[in-house]
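Participant: I would like to see how this sequence folds:
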Amino acid sequence: MTRWLGVGLAAILSVVTLSLVITGRISLYINPDSAWFAAGMSVVILIGTIGTFALPLGAEADHGHDHGDAAAPVPHGLDHDHDHAPTPAAPLTTVGAVGTAVGGVAASGVVVLSLVLAPATLSAELAMSRDTGAAPLFAGSDAVTLATTGDTASFGVGEWAAVFATSTNPDAFAGDEVELVGFATPSESGDFSLTRLVITHCVIDAQPASIPVVEVDTPETGQWVSITGTVRSTSDGRLEIAAASIEEIPEPADPYEY
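Facilitator: Numbering: from 1, shown residues only. The predicted structure follows:
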């Protein structure tokens, strides 16, 4: 059991990780820039797993020291001064065994699910639940500075969301042409919002980035679309995308921005 909960589960997860790297689906879980690190650690774990086969079963329970065969004798005349109650070891041992069993079943279940379930992207509902209405945490002044130069051809939804949320001169971006891909979510200031999830390291830190889109029919929430249009400044100082065309598309192979 100890060996299974240790190198056994770790080896299975390593194999799953390597298969995701080889098939290019690791980006569904982590930033592709970290794929080399995940693959390298997986190889190290597999090498360590192979090395454990050189150990006999039960060797992992050896503490590496000798407790001795008998307790040291108590000097005469001192034993009556220290009347210690016995330690209730049995209940603690039982609780530990139950905890190990429950944790082992839970860990094994997670690993088995990773084998049988196909990789899936985070849902539009999750993106909506994480949307606080505040400026994205990943927004940096460099994105706004770059946008003012007109060098926005490589901008995705995340960069434009940063510009829309933090720009102090909206008119500077009016007329910029955009071609973007994302999924539809409800919007309070447009016909719908074009949304993408942006991850820094892995899907655990995924944050939604959204920009309002107007002058187009509203797609179904969660539907992936490709839009072309121009940035427009409103009378109240907001920025929005005036769509020239919109096309419903399947979910892209790499659904996140980084």
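
Participant: part of a strand, is Ile246?
Facilitator: Yes. Ile246 sits within a strand when classified using DSSP: H, G, I helix; E, B strand; the rest coil.

Participant: residues near it, how many?
Facilitator: 21 (other Cβ atoms under 10 Å). Placement of C-beta: from N, CA and C, glycine included.

Participant: and the pLDDT for it?
Facilitator: Per-residue pLDDT puts Ile246 at 94.

Participant: now do the contacts for it.
Facilitator: 213, 216-217, 219, 225-227 (Cβ atoms under 8 Å, 6 or more residues apart in numbering).

Participant: for Val225, see how far away it is.
Facilitator: 5 Å (Cβ to Cβ, to the nearest Å).

Participant: overlap in contacts, these two.
Facilitator: With Cβ under 8 Å, 6+ apart as the test, Ile246 and Val225 both reach Pro219.

Participant: quick check on the contacts of Ile246: which are buried?
Facilitator: Among the contacts of Ile246, those classed as buried by 16 or more other Cβ atoms under 10 Å are 213, 216, 219, 225, 227.

Participant: from the contacts of Ile246, which two are the most distant?
Facilitator: Using Cβ to Cβ, these reach their maximum pairwise distance at Asp217 and Ser226, which is 14.4 Å.

Participant: what number of residues lie near the nearest residue to Ile30 once chain neighbours are set aside?
Facilitator: Distances taken as Cβ to Cβ, 6 or more residues apart in numbering place Cys202 nearest to Ile30, at 4.3 Å, with adjacent residues excluded. Other residues within reach of Cys202 by the criterion other Cβ under 10 Å amount to 12.

Participant: which residues sit in contact with Cys202?
Facilitator: 29-31, 34.

Participant: closest to Ala174 among the residues you listed?
Facilitator: Nearest member of the contacts of Cys202 to Ala174, counting by Cβ to Cβ, is Asn31, at 32.9 Å.

Participant: now do the contacts for the closest one.
Facilitator: Per Cβ under 8 Å, 6+ apart, neighbours of Asn31: 199-202, 258.

Participant: out of the residues you listed, who's the most crowded?
Facilitator: Ile199 (20 neighbours).

Participant: circling back: now do the residue nearest to Ile30 against Ala10, distance only.
Facilitator: With Cβ to Cβ as the criterion, Cys202 and Ala10 are 18 Å apart.

Participant: kindly report the same for Leu20.
Facilitator: 16 Å.

Participant: lowest confidence element among the helices and strands of this structure?
Facilitator: helix 2-3 (a mean of 56; mean pLDDT, DSSP states H and E).

Participant: for Glu179, which non-adjacent residue is spatially closest?
Facilitator: Thr228 is the one closest to Glu179 (Cβ to Cβ, 6+ apart), at 4.9 Å.

Participant: check which helix or strand covers that neighbour.
Facilitator: strand 224-233 (DSSP states H and E).

Participant: residues making contact with that strand?
Facilitator: Outside strand 224-233, the residues touching it (Cβ under 8 Å, 6+ apart) are 160, 170-171, 173-184, 194, 213-216, 219, 239-252.

Participant: SS state for Ser154?
Facilitator: coil.

Participant: scratch that, Ile50
Facilitator: Per three-state DSSP, Ile50 ends up helix.
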